[in-house]
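# turn this into a model:
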Amino acid sequence: MKKNIILLSIFLITALSLIAIFLYMYFEVNLNKYENEWNIELPNKYDLKYKINNTAIDGYINYYVLDIKEDIDASLFINDNNSITKLDFQNSLNKALKSIPHKDGNIDIPRAYQIDNESDFEYLLLDKLTTLRFKYLFLIYYKSENRLILIDFVSQVPIN
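Numbers count the residues shown, from 1 in each chain. A predicted model of the protein is given here:
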């Protein structure tokens, strides 16, 4: 009997630990993944304010809103390959956001976390082709709010 209680206790502690790890991973965003994949340096101190993940047969989109707790290196947004104009950036982003189906035709992002094209922001668009999939990383940084929006987008067709 005592042995069963000990085994049950060990099982419950292990199960609760695994659930806690899963919940932490689900509700956090691992910026290291993006740093390694795109060879960029992102801030280490931030609060995740909003997150939505939407998957379709031909791709997915991950949309994160982060309040940054440290300065972002301005050189992040200076990229020789990033000769895209702000208007072209906005058009590419709009195509990406509309290309993954959602219940009402668009990804449902609360107004407080939507991209504000009227405000001043820094931007970066990185792209690459991997195993017949087009991958894009959109970064939008509002310096006045110290807010970063990171959008990870994968599709079978290019957005440009």
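# quick check, Y142 in contact with F121.
Yes: proximity of Y142 to F121 meets the contact threshold set by C-beta atoms under 8 Å, at 5.0 Å. Quick note: C-beta positions are derived from backbone N, CA and C, even for glycine.
# where does this protein dip in pLDDT?
Flagging of the chain using pLDDT under 70 yields the residue ranges 7-8, 11-12, 15-28, 79-82, 100-107.
# returning to that earlier point: more neighbours, Y142 and F121?
Counted by other C-beta atoms under 10 Å, Y142 and F121 do not tie: F121 has more neighbours, with 21 against 16.
# strands of this protein, residue ranges please.
Counting by DSSP state E, the chain has strands at residues 46-56, 59-68, 122-130, 133-142, 147-155.
# export those strands to CSV and tack on distance to N39?
Below are those laid out as CSV (distance: least, C-beta to C-beta, whole Å):
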stretch, distance to N39
strand 46-56, 20
strand 59-68, 19
strand 122-130, 9
strand 133-142, 11
strand 147-155, 15
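# of those, flag the one that's most buried.
Across these, averaging neighbours per residue (mean count of other C-beta atoms under 10 Å) puts strand 147-155 on top, at a mean of 21.
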